[in-house]
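Participant: Need coordinates for the below:
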Amino acid sequence: MTDRQQPIDNERTAALGVARDNATMVRKLLVVALLMFGFGWALIPIYRKICEVTGINLLTNKDPQAVARAKNTQVDTSRKVIVEFDANRQGPWRFKPHVNHMEVHPGELVHVDYDLVNLEGRPMVGQAIPSYAPLQSGPYFQKLECFCFKQQVLAAGESRKFPVVFFIDPDLPKDVNQITLSYTFFEIPGAARPEQAAVPERTNGPS
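Facilitator: Have a look, this model is predicted:
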């Protein structure tokens, strides 16, 4: 081997080493990407199962008796509760309440709106999951109308306004003077269908 050949061989060896390192890194990144993609698909079912086990942030079903209770509930004007509204998102949404907080009387019927915008150039389906703080206040937060009762379909770039109509049960413990209603809005991957997004169901507020 001549003195000229040795540097060339060293450069080739170094180049092969770099190529092997790059190939290894690409394989690792592909594995990570596949794991993240799989986790994204499994996130909602996993979250639902955690909710079932822990009893926290349960997906909300509409209570058919809530309207009757609202009509028969007396408003406690001697007491005020501060209700704070929070909005979180998982996915390409813009999501926020119209107001950050309000003072309400237990038993008083309250209406608040949330804005949701699909920032993607494709239709998407999402699910809102509510949670309450303090945790003990959840059973006393009675919702008559809420976009969290079912999955919502938004077309590409669509903006929607969703009402939440609720009242605070007057039986709320006396030491609870503030409640935070927090929603997290998740995309449900693969759930959107073209025919759903073409004519999305509109929510115009309480009838």
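Participant: what's next to the helix or strand hosting V164, contact-wise?
Facilitator: Element membership for V164 (DSSP states H and E) is strand 159-168. Identification of contacts with strand 159-168 by C-beta atoms under 8 Å, 6 or more residues apart in numbering yields 70, 73, 81, 83, 104-118, 140-147, 152, 154, 179, 181, 200, 202-203, 205-206. For the C-beta atoms, the positions are set from N, CA and C on the backbone; glycine is no exception.
Participant: Now, of those, which are buried?
Facilitator: Buried subset of the contacts of strand 159-168 (neighbour count, 16 or more other C-beta atoms under 10 Å): 70, 73, 81, 83, 104-109, 112, 114, 116, 118, 140-147, 152, 154, 179, 181.
Participant: Kindly provide the distance from the residue nearest to Q90 when sequence neighbours are not counted to W93.
Facilitator: Counting by C-beta to C-beta, 6 or more residues apart in numbering, Q90 lies nearest to F186, which is 4.7 Å off, once chain neighbours are set aside. Going from F186 to W93 by C-beta to C-beta, to the nearest Å gives 9 Å.
Participant: joint contacts of these two?
Facilitator: With C-beta under 8 Å, 6+ apart as the test, F186 and W93 both reach G126.
Participant: Helices of the chain, start to end?
Facilitator: Ranges of helices in the chain, per DSSP state H, are 5-54, 66-72, 194-198.
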